[in-house]
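**Q** any chance you can model this:
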Amino acid sequence: MGMVSNTILVVDDDGINRGILRNLFSAQYEVDEAENGREGLEKILTGPEAYCAVLLDVVMPEMDGLEVLRRLEAMGYTQRLPVFLITAETGDATMKEAYRMGVMDVIGKPVVPYVVQRRINSVVELFRARKRLGDVVEQQQSELLQQARKIIQLNQGMIEALATAIEFRNGESGGHVKRIHDITSLLLTGTELGSGISSREVEQIALASIMHDVGKIAIPDAILNKPGRLTPEEFEVMKTHTIQGALMLERVPQLRDSEAYHYACDIARHHHERWDGGGYPDGLRGDEISLWAQIVSLADVYDALICKRVYKDALPRETVLDMIRQGQCGAFNPRLLQSFFSVEERIFQMYKKE
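**A** Numbers count the residues shown, from 1 in each chain. This next block holds a predicted model:
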């Protein structure tokens with residue numbers, strides 16, 4: 001927490017007045033002095049935190065008290081530092097302008113010692129209490145933020161661990177979900193597909209994409225890791241990983257509070273739908289399929305073709321692009337394909353690193 005100052009600044013061109021005020025306050029406070037408005041303003045601007053109050057004479061050479069006040073108010077200092085005007089002329093116009101500019105109090109000359117002391121002590125105490133409270137609130141807020149960040153990181157960590165565990169069981173390298181995440185993110189930030197989607201949403205969608213195959217936990221090993229082609233019956237079982245995935249995600253209470261939740265359920269269920277309506281499990285067609293499910297679907301196909309899998313070797317890049325172009329791996333939205341081909345060079349670089 002910030003140190004609380006205990007110094008009062010007296011700004012007055014009359015040495016006798018300064019002496020009176022110094023004697024009045026020196027038992028309780030450190031007292032600093034300035035003999036005209038310009039010098040006073042410079043002292044305050046050097047470090048407004050250095051003072052707990054400013055006593056300001058109105059009539060002074062070089063710069064009068066009201067001008068000092070005007071400048072302090074323009075910079076927002078009168079909010080943080082209590083300023084008292086000391087003046088023989090407590091005329092209506094002066095008082096009005098001083099209060100409008102945020103003066104805490106106007107004290108008439110000649111000063112009545114105990115009145116000045118009482119009024120200034122009360123205000124200084126009030127400002128100190130307000131600052132202490134502000135510090136505590138600020139500290140609490142930053143602690144809450146840190147906690148929230150920790151929880152988010154924990155959730156993301158759990159999600160990634162779960163997804164990676166499924167990959168290992170599926171005989172994959174462990175890089176698959178990371179690449180799906182990166183491809184999804186790139187298509188939403190590097191092409192026009194993401195227009196109108198905030199960067200926060202892109203983060204959540206990319207996080208959700210990691211969970212697209214979570215339903216494979218429910219698929220028996222014999223089907224999941226079968227090297228040859230699946231029989232029609234086996235394929236029906238394999239297809240259930242989409243529905244199982246969405247159901248599983250719905251049963252994770254911690255995930256419900258995450259902004260990625262509805263994206264994750266949607267992607268898990270619909271990443272095998274096809275643009276022409278020939279996909280599963282719901283036979284959605286065209287834009288009935290959400291943009292993010294379409295993107296993950298294409299990222300998934302590209303990744304499966306370009307990498308070695310249990311049931312196939314890695315394919316040359318040109319072959320993969322031809323297969324996608326000709327619709328051999330599912331029907332895709334033409335706009336999605338156009339965006340995909342515009343950044344595929346960058347996507348392919350991800351595979352060179354491995």
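**Q** for Glu344, give me its contacts.
**A** Residues in contact with Glu344 (C-beta atoms under 8 Å, 6 or more residues apart in numbering) are Leu321. The C-beta positions use only the backbone N, C-alpha and C, and glycine is treated the same way.
**Q** run the last query once more with 10 Å
**A** 183, 186, 302, 317, 320-321, 324, 337 (C-beta atoms under 10 Å, 6 or more residues apart in numbering).
**Q** please indicate which of these are buried?
**A** The neighbour count (16 or more other C-beta atoms under 10 Å) marks 183, 186, 302, 320-321, 324, 337 as buried among the contacts of Glu344.
**Q** can you map out the strands along this protein?
**A** Under the criterion DSSP state E, the chain contains strands at 7-11, 30-34, 53-57, 83-87, 105-108.
**Q** shaky segments in the stretch 1-150 of the chain?
**A** Residues of the stretch 1-150 of the chain meeting the criterion pLDDT under 70: 1-3, 90.
**Q** what residues of stretch 179-191 count as buried?
**A** Quick answer for stretch 179-191 (16+ other C-beta under 10 Å): 179-188, 191.
**Q** make TSV out of the buried ones among the contacts of Glu344 and add pLDDT and distance to Leu230.
**A** Formatted as TSV, those follow (pLDDT from 0 to 100; distance: C-beta to C-beta, whole Å):
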residue	pLDDT	distance to Leu230
Ile183	96	26
Leu186	96	31
Tyr302	94	21
Val320	93	22
Leu321	93	26
Ile324	94	22
Leu337	96	27
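**Q** in a markdown table, list those residues along with distance to Arg285.
**A** A markdown table is the format used below for the buried ones among the contacts of Glu344 (distance: C-beta to C-beta, whole Å):
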| residue | distance to Arg285 |
| --- | --- |
| Ile183 | 23 |
| Leu186 | 26 |
| Tyr302 | 22 |
| Val320 | 25 |
| Leu321 | 24 |
| Ile324 | 19 |
| Leu337 | 16 |
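**Q** closest to Leu126 out of the residues you listed?
**A** For the buried ones among the contacts of Glu344, the minimum distance to Leu126 (C-beta to C-beta) is 55.2 Å, reached by Leu186.
**Q** and for that closest one, nearest residue in space, chain neighbours not counted?
**A** Nearest in space to Leu186, with sequence neighbours left out and distances taken as C-beta to C-beta, 6 or more residues apart in numbering, is Val343 at 5.9 Å.
**Q** next one: Leu255
**A** Tyr261 (5.2 Å).
**Q** which ones are touching that neighbour?
**A** For Tyr261, the contacting residues are 204, 208, 211, 249-250, 252, 254-255, by C-beta under 10 Å, 6+ apart.
**Q** show me which of these has the smallest pLDDT value.
**A** Lowest pLDDT of the contacts of Tyr261: Gln254, 72.
**Q** any idea how far that residue lies from Arg269?
**A** Per C-beta to C-beta, to the nearest Å, Gln254 is found 20 Å from Arg269.
**Q** next: Thr46.
**A** Going from Thr46 to Arg269 by C-beta to C-beta gives 64 Å.
**Q** these two - which one has more neighbours?
**A** A direct count of neighbours by other C-beta atoms under 10 Å for Thr46 and Arg269 places Arg269 higher, at 24 against 8.
**Q** pull the contacting residues for Pro281.
**A** 239-243, 246, 269-270, 272-273.
**Q** for the nearest residue to Leu41 once chain neighbours are set aside, grab the count of nearby residues.
**A** Nearest non-adjacent residue to Leu41, counting by C-beta to C-beta, 6+ apart: Val68, 5.0 Å away. For Val68, the neighbour count with other C-beta under 10 Å is 26.
**Q** which residues are in contact with Val68?
**A** Val68 makes contact with 11, 34, 36-41, 44, 54, 56-58, 60, 83, 85, according to C-beta under 10 Å, 6+ apart.
**Q** need the contact list for Tyr289.
**A** For the record, residue 289 is Ile, not Tyr. Ile289 sits next to 266, 270-271, 273-275, 277, 279, 282, 297, 333 when contact means C-beta under 10 Å, 6+ apart.
**Q** let's have these in TSV, adding neighbour count, distance to Gly175 and pLDDT.
**A** Output for the contacts of Ile289, formatted as TSV (neighbours: other C-beta atoms under 10 Å; distance: C-beta to C-beta, whole Å; pLDDT from 0 to 100):
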residue	neighbour count	distance to Gly175	pLDDT
Asp266	19	24	97
His270	24	24	98
His271	26	18	97
Glu273	26	25	97
Arg274	21	26	96
Trp275	22	27	96
Gly277	14	32	96
Gly279	22	25	95
Asp282	15	30	97
Ser297	25	19	97
Asn333	20	26	95
